[in-house]
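Peer 1: What would the 3D arrangement of this be:
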Amino acid sequence: MIKQQPNITSPREITISHADILTAANGVKLHKIDCTEDEVMRMSFIFKAGTRMQTKPFTASTTANLLSEGTQSFTAHELAERLDFYGSYYDVSLDRDYVVITFCALTKFFSQTLEVARQMLLYPTFPQEEIETYRSKRQQRLLIEQSKTSFQARTLFSEALFGKGHPYGVSSDASEYLNITREDILNIYDTLYIAENCFAVCSGKITADIESGILELCGAIPSGKTKAHVEFPTPETTPTVFQQHDGAVQSAIRIGRLLFPRSHPDFISMQVLSIILGGYFGSRLVHNLREERGYTYGVFSGVVNLDYDGYLAIATEVSSESTKDAITQIYHEMNRLIVEKVSVEELEMVKNILVGEVMRILDASFGIADVTIENIQNGTDNTYLNRMLSEVFAITPERIQEVAVKYLDPDKFTTTVVGSVDPF
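Peer 2: From the prediction side, this is the model:
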């Protein structure tokens, strides 16, 4: 019978498969991670075609989502049926900066899945009837989302943090979906889905034939005249914003400040600080707002990394009558990190949580591929992980306090609230 809890140990170094880099004739780089004996593979094509690249509302997401809605050789139904028949998987994800188009398949059905990928990436037709159906559905879905305080707060926070005219802060009315034309979509596709704007990552069991097939597809992506470029104005931050939502029983609160991209020397220390503040279930904000006061079911803080910027965000929903004090308590917990050193025990626990999450993500080849994509987007490679671990374990309570003093000045923060009670 075990009478004593075993010691908790965290790895000081991670052994991770590094990507071999192959270059297609058109310059597209394929990052290959051959790291499993399982008969599965995944290929992702990453285009710098996120929402900040669009010049008309919703055209970036519409283009990405309609790639699978008809090609020169297959209808939308035939594409879906073909993937389903072979047990393959297709996914498209989009953020402010990038579109990631991913295909997963059993290795024995790679060639059939590759043909679907080829059709979607190279020969989409964007049928008018599919555009009309998509516009109508998305407009209705957005109208529902825009009625929720949490959605309104998220939108309001981005606008307050960056400014309404900034590519990272802009938002649009649902009616803008109806203004999207096929010409708008073709313009996005022709401008952004080009070789100069793309890289690819494949992982799993990558045989010579699979490698050759993916590299050939990469080489077939058309070249464009120039890389797409978007001007970035200086963010215009608004300190406090309240939006009335009559009848709301809860207030949606978003608090944060502009920071920096992941390449900044203080980024990792800020990650650790944000976990201490509100990045796990036993965090300080959870203890204060949920356990002590019962204001909320959950509260979270995190550092968000973007291509050209970054920010700290704190998000929660609280009962209307608790709104003002909840905001006070959030700033109180930030001030505690400024005036009091975090204990060694709490800091070590947070370090273990961070390392454990990294290990969980890297547990399988597809997770390694996701990390590889993120590292490439940030201008680095998988050696970053061990550099990160080394820095995490070197962080001291003094370092956390130093970073808190530097970045938790309340005068630099934006507070946005959507609800029935104005806390300002």
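
Peer 1: Dump the C-alpha coordinates for the helix or strand encompassing Glu402 into PDB.
Peer 2: Using DSSP states H and E, Glu402 sits within helix 397-407. What follows is helix 397-407, C-alpha atoms only, in PDB (Å, rounded to 0.1, in the frame of the first residue of the first chain):
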ATOM      1  CA  PRO A 397       9.000  34.800  -8.100                       C
ATOM      2  CA  GLU A 398      11.100  38.000  -8.500                       C
ATOM      3  CA  ARG A 399      10.800  37.700 -12.300                       C
ATOM      4  CA  ILE A 400       7.000  37.300 -12.100                       C
ATOM      5  CA  GLN A 401       6.800  40.400 -10.000                       C
ATOM      6  CA  GLU A 402       9.000  42.300 -12.400                       C
ATOM      7  CA  VAL A 403       6.800  41.400 -15.300                       C
ATOM      8  CA  ALA A 404       3.700  42.300 -13.300                       C
ATOM      9  CA  VAL A 405       5.000  45.700 -12.500                       C
ATOM     10  CA  LYS A 406       5.900  46.200 -16.100                       C
ATOM     11  CA  TYR A 407       2.600  45.100 -17.700                       C
END
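
Peer 1: quick one: buried residues of that helix?
Peer 2: Of all the residues in helix 397-407, those buried under the rule 16 or more other Cβ atoms under 10 Å are 399-401, 403-404, 407. Quick note: C-beta positions are derived from backbone N, CA and C, even for glycine.

Peer 1: List just the nearest of those to Leu156.
Peer 2: Distance to Leu156 across the buried residues of helix 397-407 (Cβ to Cβ) is lowest for Tyr407, with 22.3 Å.

Peer 1: quick one: buried residues of stretch 188-201?
Peer 2: Result for stretch 188-201 [16+ other Cβ under 10 Å]: buried residues 188-189, 191-201.

Peer 1: end-to-end on it?
Peer 2: Using Cα to Cα, to the nearest Å, the end-to-end distance of stretch 188-201 comes to 22 Å.

Peer 1: try stretch 46-62
Peer 2: With Cα to Cα as the measure, the ends of stretch 46-62 fall 16 Å from one another.

Peer 1: do the same with stretch 106-115
Peer 2: Stretch 106-115 has an end-to-end distance of 14 Å (Cα to Cα).

Peer 1: tell me the mean pLDDT over that stretch?
Peer 2: For stretch 106-115, the mean pLDDT works out to 96.

Peer 1: same thing with stretch 358-378?
Peer 2: What stretch 358-378 shows for mean pLDDT is 88.

Peer 1: One more: stretch 181-194?
Peer 2: The average pLDDT within stretch 181-194 is 96.

Peer 1: Just give me how far that stretch sits from the chain centre.
Peer 2: Centroid separation for stretch 181-194 versus its chain: 23 Å, with Cα atoms, centre = their mean, to the nearest Å.

Peer 1: Output the helix or strand hosting Leu161 in PDB with nothing but the alpha carbons.
Peer 2: Using DSSP H and E, Leu161 sits within helix 149-162. This file holds the C-alpha atoms of helix 149-162, laid out as PDB (Å, rounded to 0.1, in the frame of the first residue of the first chain):
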ATOM      1  CA  THR A 149     -23.800  39.200 -24.500                       C
ATOM      2  CA  SER A 150     -20.600  37.100 -24.600                       C
ATOM      3  CA  PHE A 151     -20.400  37.600 -28.400                       C
ATOM      4  CA  GLN A 152     -21.100  41.300 -28.100                       C
ATOM      5  CA  ALA A 153     -18.400  41.700 -25.400                       C
ATOM      6  CA  ARG A 154     -15.800  39.800 -27.500                       C
ATOM      7  CA  THR A 155     -16.500  42.100 -30.500                       C
ATOM      8  CA  LEU A 156     -16.600  45.200 -28.300                       C
ATOM      9  CA  PHE A 157     -13.300  44.300 -26.700                       C
ATOM     10  CA  SER A 158     -11.500  43.900 -30.000                       C
ATOM     11  CA  GLU A 159     -12.800  47.200 -31.200                       C
ATOM     12  CA  ALA A 160     -11.800  48.900 -27.900                       C
ATOM     13  CA  LEU A 161      -8.400  47.400 -27.900                       C
ATOM     14  CA  PHE A 162      -7.400  48.000 -31.500                       C
END
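
Peer 1: Kind regards, and thank you for your time.
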